[in-house]
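# Structure for this input, please:
(one chain, ligands or ions: 1)
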Amino acid sequence: MGGVHKGQERNQRELMTRAYWEFLVHGEQLQAPIPSTKENNRQYLSAQAPFNRILSKCYASVSKEAAAVLAGIFPMDIEIQMRNCLSEIKHGRNVLFFDEQITPQTFDSIAHCKEYVRLRALDCWQNRWETSTKGRISFEFFPDVFHRLEGPPITFSHHKSQVLTGHGNFGIHQLRLGKSEISLCPNCPDFDDDPVHRILECPLFGEVQEQIREINGTWPPDLTQVPFIDNDEVFSALSLDLTPPDVTLE
Ligand SMILES: [Zn+2]
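Alright, predicted model coming up:
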């Protein structure tokens with residue numbers, strides 16, 4: 001299966017963002033800026049999350065924070081603030097954008113202002129992602145939201161998304177679901193069974209580690225390059241269920 005082209009992924013994101021916007025906000029911005037209250041932010045983010053999970057083919061249990069980064073789509077509350085800010089600037093008014101006073105006179109064009117506002121919004125998202133307690137496995141693969149948006153496109157598969165989120169057949173996840181009483185690797189009692197352990201050190205995954213070494217050309221692999229691997233065999237091997245099957249004795 002061929003990967004998506006950069007332009008294609010951009011278009012897809014743009015369409016999704018426009019769809020959220022129409023669906024969630026439907027023109028409210030025409031009347032007045034949407035107040036950025038905690039409750040508003042929470043509602044918009046929750047409404048957006050299922051779209052991001054579909055786009056990145058991940059489980060419903062994946063946090064909204066991680067789903068937004070995987071999908072490469074600005075959290076809705078930040079998107080709203082960006083739009084409100086640009087709308088005010090277009091009307092020649094000063095506006096407070098993430099605690100920063102933005103004045104129309106500072107910019108020689110709307111395009112310039114748009115670029116600046118986008119960079120500030122990325123900073124804010126990055127800061128939020130770095131300090132979040134959610135999606136810490138995904139953070140290992142996607143530490144930088146700017147790189148997610150500007151870097152090469154990613155083709156997701158169900159297996160790949162399990163590895164990139166840690167939601168799947170991993171001890172850490174089985175424990176969370178109550179399907180297991182421990183999160184440890186069945187082979188390495190000192191380590192949690194999570195995707196990073198499987199990729200970097202677990203001897204049970206020697207074969208797939210060799211495959212990754214061949215694809216990336218270095219060892220240990222740079223985890224931020226793992227999302228760009230297109231061979232789904234790698235991810236289906238990495239998301240293998242290690243739970244021993246029930247043995248029935250005669
Ligand atoms: Zn292990």
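
# and this structure, which residues reach the ion?
The chain has residues 185, 187-188, 202 near the ion, with proximity defined as CB under 5 Å from the ion. For the C-beta atoms, the positions are set from N, CA and C on the backbone; glycine is no exception.

# Name the next helix or strand downstream of the lowest-mean-pLDDT helix or strand in the chain, please.
Lowest by mean pLDDT, DSSP states H and E among the helices and strands of the chain is helix 28-31, with a mean of 50. Using DSSP states H and E, the helix or strand that follows helix 28-31 towards the C-terminus is helix 38-55.

# What mean pLDDT does the helix or strand just after that next one get?
Next along the chain after helix 38-55, taking DSSP H and E as the criterion, comes helix 64-71. For helix 64-71, mean pLDDT is 96.

# could I get the residues of the chain next to the ion as a markdown table with secondary structure and distance to residue 223?
Below are the residues of the chain next to the ion laid out as a markdown table (DSSP: H, G, I helix; E, B strand; the rest coil; distance: CB to CB, whole Å):
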| residue | secondary structure | distance to residue 223 |
| --- | --- | --- |
| 185 | coil | 18 |
| 187 | coil | 21 |
| 188 | coil | 18 |
| 202 | coil | 15 |
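
# List only buried entries from those residues.
Listed as buried from those are 185, 202; burial here means 16 or more other CB atoms under 10 Å.

# Output the residue ranges of the strands in this protein, listed in chain order.
Along the chain, counting by DSSP state E, strands occupy 95-97, 100-102.

# CA-only coordinates of the helix ranked longest in the chain in PDB, if you can.
The single longest helix within the chain, with elements called by DSSP state H, is helix 110-131. Only the C-alpha atoms of helix 110-131 are listed here, as PDB (Å, rounded to 0.1, in the frame of the first residue of the first chain):
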ATOM      1  CA  ILE A 110      -2.600  39.700   7.300                       C
ATOM      2  CA  ALA A 111      -0.600  36.800   5.900                       C
ATOM      3  CA  HIS A 112       2.400  37.800   8.100                       C
ATOM      4  CA  CYS A 113       0.100  38.100  11.100                       C
ATOM      5  CA  LYS A 114      -1.400  34.700  10.300                       C
ATOM      6  CA  GLU A 115       2.000  33.100  10.200                       C
ATOM      7  CA  TYR A 116       3.000  34.600  13.500                       C
ATOM      8  CA  VAL A 117      -0.200  33.600  15.200                       C
ATOM      9  CA  ARG A 118       0.200  30.000  13.900                       C
ATOM     10  CA  LEU A 119       3.700  29.800  15.400                       C
ATOM     11  CA  ARG A 120       2.500  31.100  18.800                       C
ATOM     12  CA  ALA A 121      -0.300  28.600  18.700                       C
ATOM     13  CA  LEU A 122       2.100  25.800  17.900                       C
ATOM     14  CA  ASP A 123       4.200  26.900  20.900                       C
ATOM     15  CA  CYS A 124       1.200  26.800  23.100                       C
ATOM     16  CA  TRP A 125       0.200  23.300  21.900                       C
ATOM     17  CA  GLN A 126       3.800  22.100  22.300                       C
ATOM     18  CA  ASN A 127       3.900  23.400  25.800                       C
ATOM     19  CA  ARG A 128       0.600  21.700  26.600                       C
ATOM     20  CA  TRP A 129       1.800  18.400  25.100                       C
ATOM     21  CA  GLU A 130       5.100  18.500  27.000                       C
ATOM     22  CA  THR A 131       3.500  19.000  30.300                       C
END
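
# what's it packed up against?
If contacts are counted by 3 or more CB pairs under 8 Å, 6 or more residues apart in numbering; DSSP states H and E, helix 110-131 sits against helix 64-71, helix 76-90, strand 100-102, helix 145-150.
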